[in-house]
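1. prediction below, plus the sequence it came from.
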Amino acid sequence: MLTNVRMQTKFPEPKYFICSLALQAVRKMVSYYNRTLEPLGLTAQQVMALGVLWREDGLSLGVFAKKAGMGKAAAVTMIKRLESMDLVTKKMDPADARLNVLTLTQKAYKLAPKILLMGTELEKSIETAVGKEDMTSLINGLTIIRDLDI
């Protein structure tokens with residue numbers, strides 16, 4: 001018969017708890033964006049999707065999904081939502097009828113300055129808190145982690 005005995009096993013602890021820290025930091029930033037974007041009727045996720053197209057308009061849905069870091073099903077859902085908000089149009093690619101090309105609307109381009117200002121304000125707040133040198137290190141480190149094949 002088994003008894004309810006606590007095992008006195010010592011588990012190795014992670015040195016930095018990177019995942020927990022990163023997740024908490026991301027949640028804080030997404031919360032900031034959601035609060036500041038609410039008057040525009042947008043969410044942080046929607047703005048990140050628009051950001052992909054602000055940097056490179058005219059992408060196929062598959063390329064958009066890859067650049068946005070989401071699966072195709074999630075990309076389809078996101079684009080449908082942005083279309084319903086009159087921020088993105090989806091048209092058949094004249095060179096390849098199997099592809100849809102995503103294009104930003106004038107409404108999306110008009111929102112860009114307001115949204116970019118919000119991002120700039122958040123970045124300034126973080127840079128002030130951590131300092132310019134640490135901000136550069138943070139950005140470099142996050143970029144390396146993002147690009148790791150893990």
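-> Cool, the structure landed. Keep in mind the model is a prediction, meaning the values are calculated, not measured. Residues are numbered from 1 along each chain as shown.

2. helix or strand with the lowest mean pLDDT in the chain?
-> Least confident helix or strand of the chain, by mean pLDDT, DSSP states H and E, is strand 96-104 with a mean of 89.

3. so for the following helix or strand past that one, mean pLDDT?
-> Once strand 96-104 ends, the next helix or strand along the chain (criterion: DSSP states H and E) is helix 106-130. Helix 106-130 shows a mean pLDDT of 94.

4. quick one, helix 106-130 and strand 96-104 angle?
-> If you take axes from the mean of the first three to the mean of the last three CA atoms, to 10 degrees, helix 106-130 sits at 60 degrees to strand 96-104.

5. just checking, what packs against helix 106-130?
-> helix 18-37, helix 44-55, helix 132-147 (3 or more CB pairs under 8 Å, 6 or more residues apart in numbering; DSSP states H and E). Every C-beta, even on glycine, is put in place using the N, C-alpha and C of the backbone.

6. now the residue positioned nearest the centre of the chain. Nearest residue, chain neighbours left out?
-> Compute the mean C-alpha point of the chain, and by CA atoms, centre = their mean the closest residue is M48, 4.6 Å away. The shortest distance from M48 to any non-neighbouring residue, by CB to CB, 6 or more residues apart in numbering, is to A68 (6.8 Å).

7. counting neighbours, what do you get for that neighbour?
-> When neighbours are defined as other CB atoms under 10 Å, A68 has 20 of them.

8. V88 now?
-> Neighbours of V88 using other CB under 10 Å come to 24.

9. ok, K107 next?
-> Neighbours around K107, by other CB under 10 Å: 11.

10. just to revisit the earlier point, what's the closest of the helices and strands packed on helix 106-130 to M85?
-> When the helices and strands packed on helix 106-130 are compared for distance to M85 using CB to CB, the nearest one is helix 44-55, at 7.9 Å.

11. quick one: average pLDDT of stretch 51-60?
-> Here the average pLDDT along stretch 51-60 is 93.

12. just the buried positions in it, please.
-> Buried positions in stretch 51-60, judged by neighbour count with 16 or more other CB atoms under 10 Å: 52-54, 59-60.
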